[in-house]
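Student: Sequence plus predicted model, see below.
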Number of protein chains: 2
Amino acid sequence: MDQNKIPQATAKRLPLYYRFLNSLNHQGKKRVSSKELSDAVKVDSATIRRDFSYFGALGKKGYGYNVEYLLGFFRKTLDQDELTEVALIGVGNLGTAFLHYNFLKNNNTKIVMAFDADPEKPGTDIDGIPIYHIDDLEEKMGDVRVAILTVPSGEAQGITNRLADYGIEGILNFTPARITVPSGVRVHHIDLAIELQALVYFLKHYPLDG
Amino acid sequence: MDQNKIPQATAKRLPLYYRFLNSLNHQGKKRVSSKELSDAVKVDSATIRRDFSYFGALGKKGYGYNVEYLLGFFRKTLDQDELTEVALIGVGNLGTAFLHYNFLKNNNTKIVMAFDADPEKPGTDIDGIPIYHIDDLEEKMGDVRVAILTVPSGEAQGITNRLADYGIEGILNFTPARITVPSGVRVHHIDLAIELQALVYFLKHYPLDG
């Protein structure tokens, strides 16, 4: 089927479904209901059923979904077999947390290098990931086309410009700064303050039934 | 107007709009076009116009939106005047990054205390935020009803159960663990691996025009 026919909101939930189905499979489970999926991934069952219908996966009443079939589909869709290498820029507390995070355990995304402005850090590594000086960015990047940005806000746009000049394709921006990129570069922005504010806003205005 | 009539997707973008309008206001700007807003917050102009129409804010052609009017509306909507106190659980690298993050600069959400299992940390503070031992959670929480979870995955559910028993209302879960809570507790989950995987997935399947 044509990948581009899957709505973006659905596409965004694929990694979530994939991970949970993977863990079911490891436990030897053969089938799963939309209710179980819903409880596990915290997405309502109606949405799950609609999402899955885009993949041609229709659950059977009283049986649910076949775990292996779904996994096979998701694996292909998420390109689990193709490793994407990622550079991390900014080895402060947040960057260090990322470097300790075992991304490969669940998917084929791997941080292969990190950069920092601290002259003490180059030559060292964290969990085997080498840290280079930020001045050597262009020299060391090689074929890497995805970066995680965990630098101080004031540095974000300058580094982004260098990454864009180098030919970066995607940036996961964890700084509070809104960065401007040339068209063709995809940015996903995760702002910790806004995530917290959104939670508080929802608590106040969309109370859940207790 | 009835807050509950705003769609959740729109509600989720409010903190984003608010922050940008606030910075425009500080710069002395009186009006803003949906195009400028769109460039700044990375939401397409059609969506912005639709979102704003829910608030009864209709931009004038060739003028745009009145910054002060919008700010006044958003401020009321986001309850900027009411401070929400938050506890952070788990003072590792990610937790420390959160404690250094100046949340109050942009909104009225404040981390007022932190907890950790390391016996060396209680009695110390980070940027003035006291760190208590995790054993003292129930004793120290007081009126706090929102928590940020940055503990190791294996600890996430156990801590969540204690928070739920205490009467927590909202949890911002930054661990890779999917946690189960009683109905009535709102959980927002930010999984770093899934955010990275989603970016890579979008790069592969939804290329932008360069």
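Tutor: Happy to help now that I have it. Note that the coordinates shown come from a computational prediction; the quantities given were computed from them, not determined experimentally.

Student: as a whole number, average confidence for stretch A:7-22?
Tutor: Average pLDDT, stretch A:7-22: 79.

Student: near chain B at all, that stretch?
Tutor: Yes. Contact of stretch A:7-22 with chain B (Cβ under 8 Å from any Cβ of the partner chain) involves A:8, A:11-12, A:14-16, A:19-20. From N, CA and C alone the C-beta is placed, and that goes for glycine too.

Student: Quick check, pLDDT for the residue of chain A positioned farthest from its centre.
Tutor: In terms of distance from the mean C-alpha position of chain A, residue A:62 ranks first, at 33.3 Å (Cα atoms, centre = their mean). Predicted confidence (pLDDT) at residue A:62: the value is 73.

Student: where's it, which helix or strand?
Tutor: Using DSSP states H and E, residue A:62 is not contained in any helix or strand.

Student: what's the answer for residue A:21, then?
Tutor: Per DSSP H and E: helix A:8-26 holds residue A:21.

Student: Going by neighbour count, which residues in that helix are buried?
Tutor: Residues of helix A:8-26 classed as buried: A:10-22, A:24 (neighbour count, 16 or more other Cβ atoms under 10 Å in any protein chain shown).

Student: relative to helix B:8-26, how tilted is it?
Tutor: Helix A:8-26 and helix B:8-26 are oriented at 120 degrees to each other (axes from the mean of the first three to the mean of the last three Cα atoms, to 10 degrees).

Student: Quick one: name whatever helix or strand follows helix A:8-26.
Tutor: Note on helix A:8-26: by DSSP H and E, the next helix or strand toward the C-terminus is strand A:31-32.

Student: tell me what that following strand is packed against?
Tutor: The elements that strand A:31-32 packs onto, with contact taken as 3 or more Cβ pairs under 8 Å, 6 or more residues apart in numbering or on different chains; DSSP states H and E, are strand A:65-66, helix A:67-77.

Student: about what we covered before: of the buried residues of helix A:8-26, just say which sits nearest to residue B:175.
Tutor: Using Cβ to Cβ, residue A:19 comes nearest to residue B:175 of the buried residues of helix A:8-26, at 13.4 Å.

Student: hang on, isn't the closest one packed against residue B:189?
Tutor: No. Applying Cβ atoms under 8 Å as the test, residue A:19 and residue B:189 come out as separate, 11.7 Å apart.

Student: Quick check: which ranges of chain A have low pLDDT?
Tutor: Across chain A, the ranges flagged by pLDDT under 70 are A:1-5, A:26-27, A:57-59, A:78-81, A:102-107, A:205-210.

Student: among the helices and strands packed on strand A:31-32, which is nearest chain B?
Tutor: helix A:67-77 (8.2 Å; Cβ to the nearest Cβ).

Student: Counting neighbours, which bits of the closest one end up buried?
Tutor: A:67, A:70-71, A:73-74, A:77.

Student: any chance of those in JSON lines, plus distance to residue B:123?
Tutor: Shown next, in JSON lines, are the buried residues of helix A:67-77 (distance: Cβ to Cβ, whole Å):
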{"residue": "A:67", "distance to residue B:123": "49"}
{"residue": "A:70", "distance to residue B:123": "50"}
{"residue": "A:71", "distance to residue B:123": "49"}
{"residue": "A:73", "distance to residue B:123": "53"}
{"residue": "A:74", "distance to residue B:123": "48"}
{"residue": "A:77", "distance to residue B:123": "51"}
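
Student: Grab the nearest non-local neighbour of residue A:35.
Tutor: With sequence-adjacent residues excluded and distances taken as Cβ to Cβ, 6 or more residues apart in numbering or on different chains, residue A:35 is closest to residue A:45, at 5.7 Å.

Student: Next: residue A:143.
Tutor: Nearest to residue A:143 is residue A:85, by Cβ to Cβ, 6+ apart, at 7.1 Å.

Student: which SS class is the one you found?
Tutor: Secondary structure state of residue A:85, per DSSP: H, G, I helix; E, B strand; the rest coil, is strand.

Student: what's across from it in the sheet?
Tutor: Beta-bridge partners for residue A:85, by DSSP bridges, are residue A:110.

Student: ok, so what distance separates it from residue A:156?
Tutor: To residue A:156, residue A:85 is 22 Å away according to Cβ to Cβ, to the nearest Å.

Student: Residue A:22 too?
Tutor: 34 Å.

Student: and what of residue A:168?
Tutor: From residue A:168 to residue A:156 the distance is 13 Å (Cβ to Cβ).

Student: just residue A:32 next, same as before
Tutor: From residue A:32 across to residue A:156, the span is 41 Å (Cβ to Cβ).

Student: same check, this time on residue A:200
Tutor: The spacing between residue A:200 and residue A:156, counted by Cβ to Cβ, is 25 Å.

Student: Would you mind telling me which of these two has the busier surroundings?
Tutor: residue A:200 (26 against 22; other Cβ atoms under 10 Å in any protein chain shown).

Student: so the more buried one touches residue B:147, yeah?
Tutor: No. The criterion here is Cβ under 8 Å, and residue A:200 misses it with residue B:147 at 11.6 Å.

Student: who are the neighbours in contact with the closest residue to residue A:175 other than its chain neighbours?
Tutor: Spatial nearest neighbour of residue A:175, chain neighbours left out: residue A:156 (4.5 Å); criterion: Cβ to Cβ, 6+ apart. Going by Cβ atoms under 8 Å, 6 or more residues apart in numbering or on different chains, residue A:156 touches A:149, A:173, A:175, A:177, A:179.

Student: Good, we can wrap up now.
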